[in-house]
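Enquirer: Sequence first, then the predicted structure:
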Amino acid sequence: MTSFWTGRRVRLRGIEPDDWSAFMRFAEDEERLGDLLNPPRSAEEFRAWAKEQAAAKSDGDCFGLAIEAVDTREIVGAVGSHHADPRAGWFEYGVTMEAGHRRKGYASEAVVMLLRFMFDERRFHKCGARIFADNEGSLAFQRRLGFVEEGRLRDQVFSAGQYLDVVMMGLLAGEFAQLHSPSERSFSQA
């Protein structure tokens, strides 16, 4: 038996209450990377959040998933869809990877799985991503996946004492299909 949600490197799965510590690490990594600065959160707050996420009912189009490494079963990141507009046919997505697990192909495989689900199964036409203009690594990652820059929101966010532009990137379902063949799916044996 095969699973749509399991690839060569990663398995996407729902968030479980015990995942709180991984998400706390992701938040710490994002702060170090210069992402939006938020007040410190307690371990209990992360526990409550993970418990809430584990019990939340998905609406089918907006959801968050843990990215688990197939070989170690360790949570290495998270991916999800949000701001979906089924009538207009678009959604946005986000991905985060723990610092020690970047550049190993985990994020690419996870995002391709998510996009394949949203384009092929949920029949969305377009995916958007918002990237801080100074985040060259993330901009390059989006381009490798096939996203193109569609616009720029000038001085959209305030972070680390300065205003930053947000780059709006997009990928159409047809473009995705041309760049990412179904054979990329590479189901693992369950």
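Expert: Structure's in. What do you need?

Enquirer: Surely R73 forms part of a helix?
Expert: No. Counting by DSSP: H, G, I helix; E, B strand; the rest coil, R73 is not part of a helix but coil.

Enquirer: Neighbours of it, how many?
Expert: Using other CB atoms under 10 Å, R73 has 8 other residues around it. Placement of C-beta: from N, CA and C, glycine included.

Enquirer: Now it: phi and psi?
Expert: Backbone geometry at R73, expressed as degrees, to the nearest 10, gives phi 60, psi 20.

Enquirer: OK, contacts around it?
Expert: Counting by CB atoms under 8 Å, 6 or more residues apart in numbering, R73 makes contact with nothing.

Enquirer: hmm, try it at 10 Å
Expert: Counting by CB atoms under 10 Å, 6 or more residues apart in numbering, R73 makes contact with R11.

Enquirer: How about A55?
Expert: Residues near A55 by CB under 10 Å, 6+ apart: I15, P17.

Enquirer: Give me the nearest residue to L114, chain neighbours excluded.
Expert: Distance criterion CB to CB, 6 or more residues apart in numbering; nearest residue to L114, sequence neighbours excluded, is V79 at 5.3 Å.

Enquirer: tell me which element that neighbour is part of?
Expert: Assigned by DSSP states H and E, V79 belongs to strand 75-85.

Enquirer: Can you name every helix or strand that that strand contacts?
Expert: Using 3 or more CB pairs under 10 Å, 6 or more residues apart in numbering; DSSP states H and E, the elements in contact with strand 75-85 are strand 10-13, helix 20-32, strand 63-69, strand 90-97, helix 106-116, strand 126-132.

Enquirer: avg pLDDT for the third one?
Expert: Think strand 63-69. Here strand 63-69 scores 96 as its mean pLDDT.

Enquirer: which other helices and strands contact it?
Expert: strand 10-13, helix 20-32, helix 43-55, strand 75-85, strand 90-97, helix 106-116.

Enquirer: about what we covered before: parallel or antiparallel, list what pairs with the strand holding V79.
Expert: Using DSSP bridges, strand 75-85 pairs in its sheet with strand 63-69 (antiparallel), strand 90-97 (antiparallel).

Enquirer: Redo the ones you listed as CSV? Include mean neighbour count.
Expert: Converted to CSV, these look like this (neighbours: other CB atoms under 10 Å):
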stretch, mean neighbour count
strand 63-69, 21
strand 90-97, 19
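
Enquirer: Could you dump those strands into TSV and include distance to E175?
Expert: Shown next, in TSV, are these (distance: least, CB to CB, whole Å):
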stretch	distance to E175
strand 63-69	23
strand 90-97	13
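
Enquirer: wait, what's in contact with the nearest residue to E16 once chain neighbours are set aside?
Expert: Distances taken as CB to CB, 6+ apart put A54 closest to E16, at 5.3 Å, once the chain neighbours are dropped. By CB under 10 Å, 6+ apart, the contact list for A54 reads G14, I15, E16, P17, D18, D19, W20.
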